[in-house]
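> What shape does this take:
(chains A and B)
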Amino acid sequence: MPNRTSISRRTFVGSLAGAACLRAGFSAGAKVIDCHDHLAHHSRASWQEDDRKLIDAADKLGIDQLCCSILSPRRPATPEAFRECNQWMAEAMRRFPGRILGYCFVNPGYGREAPEEIRRCVEDRGFIGIKLYNDYVAREPVVWPVVELAISLRVPILHHAGHATWLSQPQPRISDGGHFAELSRRYPEAMLICAHISGGGDWEWTIKALRNAPSVYLDTSGSVVDEGVIEMAARVLGAERLLFGCDGSLTASVGRMRSASLSDADKRKILSGNFERILSRRGAK
Amino acid sequence: MIDVNAYLGHFAFRQLRHNTAAGLLELMDRAGIERAVVSSAAAITYRNAQAGNEEVAAEVKGHLERLLPFAVLNPAYAGWQDDLKTCREEFGMRGLRLYPRWHKYRLSDPSCLELVNAAAARGMAVSIPVRVEDRRQQSWLVDVPDVDLEEIAGLVKACPQAQFILVNGSGFISSSLGRKASGLPSNYVIDISLVTAVLADELGRLLGNLGEDRLVFGTGMPFHYPGPALAKLEVLEASDAVKEKIRRGNAARLLRL
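This next block holds a predicted model:
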């Protein structure tokens, strides 16, 4: 896999004739940060090719930086499993400096190992945040020490989420907007990111559940391409609380943002401004 | 560009914006889409789907150059033969849309085969949306699975004289519909609205397996944003000539435009 020493700076100029208005929000030279993505677990024989495909597509679509984690395919993740993922993530950050930023993936159920790993990744390896999956619901007390550590390190927590309308939930410990709202009332200074509003589930419910939780951010990623989701999120939560993300669905996520009827200024906030503000907190004294 | 996958009217479980002829045309203009196949979103849940077709027929009046109406019909409902005749002869509808899961029938039912054959005899294409909404967000009132792709394969095989437009689907590559040399007739095209284009790259693989004449541009507007389908064409590794077929040529041939 070739080294990349500089960030690819592309505008979001599409190649399709007649799509001028769709392009307009991206043609002002806005930097684009994908706040939610993943690199492939190395148990996949095609992991290098998959990572390359992701970055090539990001190049074509004008995404400058990808904030990624690697998740263990078997969950709940053991300490050995999440350490291995983070080791690979650190290697990827070295291969693509400035292009790939890393989240430290942990299972908060390991009360000693998870904080140790977070400290090592953030303080020694330059990871930019913490990634939690569905090992525990965000409001469970076992998550609190991780939130407190994130506050002290001044890094965000990107938390897997979804609010399915199904009566039977295939992910029994998945968190939703209501859980993050509850957690944010306990820790209003935490930078919590509710993952993928377009990742499947009732997005209208999620947006409404987060309305009165002003410290919770919402990422725009996911494969569902329902018209209106970005506009409703911006109207109800404010563009300042939205973060552009893809979660592997690059064309869906870029296309959603291009189509959304928002001002250029609001799009710039979502595409990178808000996340740059989050990243700057780590460097602040 | 021709969008083979668009809708007008209200949907029972979510407010749609841009769902009038004027609204949809504005969205199409912003996306650079010249023409769109449209059908009634309301007819998905109306018992008498023909009422939805009448609403669409009224809505597209004066816009038939750009909005190409398709009829939603239920072969299990009384009077579909009369409705088909009205939709074709009075409303000028160019095709059918079938919702076998929402309307509770099988594509292999004799009445469905009769409807498809009757539509084909009138020169109407048959569009099958594999899904209306992502199942994880369906209302608690309903539990409607996606249409099984092998069930669709059975229909295209059973009705080789019909022309099918399969929309709002994914996972074709794992079914006989997306396999090379599957033994199926080549009487169907697949819209790109929900197929993946990056990691699993279903779009590129379908192009390789089925050839450049079998993919068509579709968005799912106004249920969906148009941008994602446009972005897929940007990342697709194919010549401009092939992309032009997907954008317009294949649909124009099938719809006889």
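> Would you state the helices of the stretch 1-150 of chain B in chain order?
Listed in chain order, the helices of the stretch 1-150 of chain B (DSSP state H, counting those that start in this stretch) span B:21-31, B:49-60, B:80-85, B:110-121, B:149-158.
> Most tightly packed of the ones you listed?
Comparing those by mean neighbour count (mean count of other CB atoms under 10 Å in any protein chain shown), helix B:49-60 ranks first with a mean of 20. (Each C-beta comes from the backbone N, C-alpha and C, glycine too.)
> picking up where we left off before, how about the helices of the stretch 1-150 of chain B, which one is nearest chain A?
helix B:21-31 (4.4 Å; CB to the nearest CB).
> mind checking how far that closest one is from the chain centre?
Chain-centre distance of helix B:21-31: 18 Å, with CA atoms, centre = their mean, to the nearest Å.
> what angle sits between it and helix B:49-60?
In terms of direction (axes from the mean of the first three to the mean of the last three CA atoms, to 10 degrees), helix B:21-31 departs from helix B:49-60 by 70 degrees.
> the strands in the chain, which residues?
All of this refers to chain A. Assigned strands in chain A, in chain order: A:33-38, A:65-69, A:100-105, A:129-132, A:157-159, A:192-194, A:216-219, A:242-243 (criterion: DSSP state E).
> sorry, should have said chain B
Under DSSP E, chain B gives strands at B:2-8, B:35-40, B:67-72, B:95-97, B:125-129, B:164-167, B:188-191, B:215-216.
> got those as CSV, with mean neighbour count columns?
Formatted as CSV, the strands of chain B follow (neighbours: other CB atoms under 10 Å in any protein chain shown):
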stretch, mean neighbour count
strand B:2-8, 28
strand B:35-40, 27
strand B:67-72, 26
strand B:95-97, 27
strand B:125-129, 26
strand B:164-167, 26
strand B:188-191, 26
strand B:215-216, 27
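> Which one of those lies nearest to chain A?
Nearest of the strands of chain B to chain A, taken as CB to the nearest CB: strand B:2-8 at 10.6 Å.
> is stretch A:224-243 anywhere near chain B?
Yes: residues of stretch A:224-243 contacting chain B under CB under 8 Å from any CB of the partner chain: A:224-228.
> Select from the residues you listed the one having the most neighbours.
Counting neighbours by other CB atoms under 10 Å in any protein chain shown, A:Val225 comes out on top of these with 27 neighbours.
> show me what contacts that one?
By CB atoms under 8 Å, 6 or more residues apart in numbering or on different chains, A:Val225 lies in contact with A:198, A:252, A:255-256, B:193-194, B:220, B:224-225, B:228.
> Disregarding flanking residues, what is the spatial nearest neighbour of A:Ser175?
Nearest residue to A:Ser175, sequence neighbours excluded (CB to CB, 6 or more residues apart in numbering or on different chains): A:Ala138, at 3.9 Å.
> wait, what's in contact with the one you found?
A:132, A:159, A:161, A:175, A:179-180, A:182-183, A:192.
> Minimum pLDDT in these, which residue is that?
Among the contacts of A:Ala138, A:Ser175 carries the weakest pLDDT, at 92.
> May I ask you to confirm that it is in contact with A:Tyr133?
No: counting by CB atoms under 8 Å, A:Ser175 stays clear of A:Tyr133, with 9.6 Å between them.
> tell me, what's touching these two both at once?
Shared contacts of A:Ser175 and A:Tyr133, defined by CB under 8 Å, 6+ apart, comprise A:His160.
> The nearest residue to A:Leu242 once chain neighbours are set aside and B:Gly52, how far apart?
Closest residue in space to A:Leu242, ignoring its immediate chain neighbours: A:Ile270 at 4.6 Å, by CB to CB, 6+ apart. A:Ile270 sits 36 Å away from B:Gly52, taking CB to CB, to the nearest Å as the criterion.
> again, but for B:Phe70
Distance from B:Phe70 to B:Gly52, counting by CB to CB: 11 Å.
> what residues are shared contacts of these two?
B:Ser39.
> Please identify the residues of chain B in proximity to chain A?
Listed as neighbours of chain A in chain B under the rule CB under 8 Å from any CB: B:1, B:14-18, B:30-33, B:134-140, B:193-194, B:196-199, B:201, B:220-235.
> From those residues, list just the buried residues.
B:1, B:14, B:16, B:18, B:30-33, B:134-138, B:193-194, B:196-199, B:201, B:220-235 (16 or more other CB atoms under 10 Å in any protein chain shown).
> Export stretch B:48-64 to PDB, keeping only CA atoms.
C-alpha atoms of stretch B:48-64 as PDB (Å, rounded to 0.1, in the frame of the first residue of the first chain):
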ATOM      1  CA  ASN B  48     -58.200   0.800  -4.200                       C
ATOM      2  CA  ALA B  49     -54.900   1.600  -5.900                       C
ATOM      3  CA  GLN B  50     -56.700   3.100  -8.900                       C
ATOM      4  CA  ALA B  51     -57.600   6.200  -6.800                       C
ATOM      5  CA  GLY B  52     -53.900   6.900  -6.500                       C
ATOM      6  CA  ASN B  53     -53.500   6.500 -10.300                       C
ATOM      7  CA  GLU B  54     -56.200   9.000 -10.800                       C
ATOM      8  CA  GLU B  55     -54.400  11.500  -8.500                       C
ATOM      9  CA  VAL B  56     -51.200  11.000 -10.500                       C
ATOM     10  CA  ALA B  57     -52.900  11.400 -13.800                       C
ATOM     11  CA  ALA B  58     -54.300  14.700 -12.700                       C
ATOM     12  CA  GLU B  59     -51.000  15.800 -11.300                       C
ATOM     13  CA  VAL B  60     -48.900  15.100 -14.400                       C
ATOM     14  CA  LYS B  61     -51.300  16.900 -16.800                       C
ATOM     15  CA  GLY B  62     -49.300  19.500 -18.600                       C
ATOM     16  CA  HIS B  63     -46.000  17.800 -17.700                       C
ATOM     17  CA  LEU B  64     -46.100  14.600 -19.700                       C
END
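> for it, the distance to its chain's centre please.
17 Å.
> Likewise for stretch A:253-260?
When distances are taken as CA atoms, centre = their mean, stretch A:253-260 is centred 16 Å away from the chain's centroid.
> Cool, thanks, talk later.
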